[in-house]
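J.: Give the three-dimensional model of this entry:
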Amino acid sequence: MSTLEESAAVPAPKRTPATIAKAAVKQLRPKQWAKNVFLFPAIIFSGRFLEPTAIVQVLVGFFAFSMLASSGYIFNDYLDRDADKNHPKKKFRPIASGALPAPAALALMFVCLISGAAAALWLSPAFLMIAVVYLTTTLSYS
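T.: Model prediction:
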């Protein structure tokens, strides 16, 4: 590794359970979950926005899409971790920086994938299929 590359590398972070948990939350990219608000107009336009059952269904759908999206982000960052270590901005991502150990990232990915799929299936098999298509589409660039 050249001197320039060494100076560009992110120093290995000190890991504690708290720092790993913080890195895990950051890795989920909760800011990106805002994209899933596209589910909420359906409840408004259907006229069911005051029905508790409908509200729960939309919230579960939001959760399902958010967890599946997060599993995709983790998968992509896991695959790109070596290249990201040398990127000026991406080197600070939790997996690339080492703040989130790779085994923990994979475990988190599977938790997100399973919980998102389970929530989608709880809504309906059709919703699960839509969620799988969504996840497949988002992963197609990985």
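J.: Can you tell me the closest non-neighbouring residue to residue 83?
T.: residue 90 (7.9 Å; C-beta to C-beta, 6 or more residues apart in numbering). For every residue, glycine as well, the C-beta is placed using N, CA and C.
J.: I misspoke; the intended subject was residue 73.
T.: residue 29 (5.0 Å).
J.: The one you found - how many residues pack around it?
T.: 17 (other C-beta atoms under 10 Å).
J.: Okay, strands next: where are they in the protein?
T.: Applying DSSP state E to the chain gives no strands.
J.: hmm, back to that, quick one: pLDDT of the residue nearest to residue 73?
T.: Per-residue confidence (pLDDT) for residue 29: 96.
J.: Next, the contact list for it, please.
T.: 69, 70, 73 (C-beta atoms under 8 Å, 6 or more residues apart in numbering).
J.: From those residues, which land in helices?
T.: Using DSSP state H, the subset of the contacts of residue 29 located in helices is 69, 70, 73.
J.: What separation do you get for the last one and residue 27?
T.: Relative to residue 27, residue 73 is positioned 7 Å away (criterion: C-beta to C-beta, to the nearest Å).
J.: just the second one next, same as before
T.: Residue 70 sits 8 Å away from residue 27, going by C-beta to C-beta.
J.: Tell me, how many residues neighbour the residue nearest to residue 83?
T.: Around residue 90 there are 16 other residues, counting by other C-beta under 10 Å.
J.: cool, and residue 141?
T.: So residue 141, with other C-beta under 10 Å, has 7 neighbours.
J.: if you count what's nearby, which of residue 73 and residue 27 comes out ahead?
T.: The residue with more neighbours, out of residue 73 and residue 27, is residue 27; 23 against 19, by other C-beta under 10 Å.
J.: correct me, but the more buried one touches residue 96?
T.: No - contact criterion C-beta atoms under 8 Å: residue 27 and residue 96 do not qualify, at 10.3 Å.
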